[in-house]
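Asker: task: produce atomic coordinates for the following.
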Amino acid sequence: MSSIHPTAVIQPGAVIGENCIIGAYSHIGANVVLGDNNSIAQNVIIEGYTTIGDGNKISAYAIIGTDPQDLKFKGEATRLRIGNNNTIREFVTINRSNMMEEDTVMGSNNLLMEYVHVAHNCQIGSFCVIANVVQFAGHVHVHDYATVGGVSAVHQFVHIGTHAFVGGASAVKKDIMPFTRGQGNPYKTVGLNSVGLMRKGFSNETIAGIKEIYNLFYRSKLNTSQALAKAMEMEGLSPEQLKVIDFVKNADRGIST
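Answerer: Okay, here's the model as predicted:
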């Protein structure tokens, strides 16, 4: 049985799973679906066609599932989907998508610190750490295990690759290659996220393979197209090297230098 504070407003039609806690003065909209074992603190607003999985912890004053901040939006019943075991801290805002063809999506096991904004149509993977006051514009993709430092702003349509580390106070306008680290305004890639990779259990051999392909793009003095062509000619590519190649091939905004 769920524990719902008497001052919370649960609109008719909302689906509340088992063993949820909903705090004082929180508001759950009519089209919201909550899974099991979610903890919703006081003064949380969850609206719209929002589906949230199991085991999430949502702190006070978070506002989730509200309309996209997009002048093209005309009130469609767009959606937000959130997975399991996420920690969403105070004053986080997550908007629904601006079109029926694509949802705003966040995976599982993420940490979103205070004042993070996730705009319409963003796609956040799993096991990501998004630090305080990070601002994602629309259509940003953050791949699994990425970390984004506090007070960073990410331009619309940017992709941040898996296991990338974005230093704090960065302004990101181009795609960030997987496994790399960088910082700044404008953002500059400075090397591999070697410490992060070691902490995640990557072997020395795997990291050496990632470094080999990193050097091709960042140390060989080839332009991106030339480096990509040379990378595709390499034999015996590891899964991580293939991930880098696929990312670069699909980098519509270009790769951060």
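Asker: so where's this protein uncertain?
Answerer: Counting by pLDDT under 70, the chain contains no low-confidence range.
Asker: that one: helices as residue ranges?
Answerer: 194-199, 204-218, 224-232, 239-249 (DSSP state H).
Asker: I'd like those as CSV, with mean neighbour count appended.
Answerer: Yep, even glycine has a C-beta here, placed from its N, CA and C like the rest. Output for the helices of the chain, formatted as CSV (neighbours: other C-beta atoms under 10 Å):
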stretch, mean neighbour count
helix 194-199, 14
helix 204-218, 17
helix 224-232, 15
helix 239-249, 17
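Asker: of all the ones you listed, which one is nearest A60?
Answerer: Closest to A60 of these is helix 194-199 (C-beta to C-beta; 30.4 Å).
Asker: need the contact partners of that closest one.
Answerer: The contact list for helix 194-199 (C-beta atoms under 8 Å, 6 or more residues apart in numbering) reads Y145, T147, H163, F165, F179, R181, T206, I207, I210.
Asker: quick check: the first one touching N193?
Answerer: No. Using C-beta atoms under 8 Å, Y145 makes no contact with N193, being 9.4 Å away.
Asker: neighbour-wise, which of those two wins?
Answerer: N193 (25 against 22; other C-beta atoms under 10 Å).
Asker: ok, that one - contacts?
Answerer: H163, A164, F165, F179, T180, R181.
Asker: closest one to S225 out of the residues you listed, please.
Answerer: Minimum distance to S225 across these is 18.6 Å, recorded for T180 (C-beta to C-beta).
Asker: mind checking which of the contacts of N193 are buried?
Answerer: H163, A164, F165, F179, T180, R181 (16 or more other C-beta atoms under 10 Å).
Asker: dump the residues you listed to JSON lines, plus distance to K200.
Answerer: Listed next are those as JSON lines, based on distance: C-beta to C-beta, whole Å:
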{"residue": "H163", "distance to K200": "7"}
{"residue": "A164", "distance to K200": "12"}
{"residue": "F165", "distance to K200": "11"}
{"residue": "F179", "distance to K200": "10"}
{"residue": "T180", "distance to K200": "14"}
{"residue": "R181", "distance to K200": "13"}
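Asker: out of those residues, which sit inside strands?
Answerer: F165, T180, R181 (DSSP state E).
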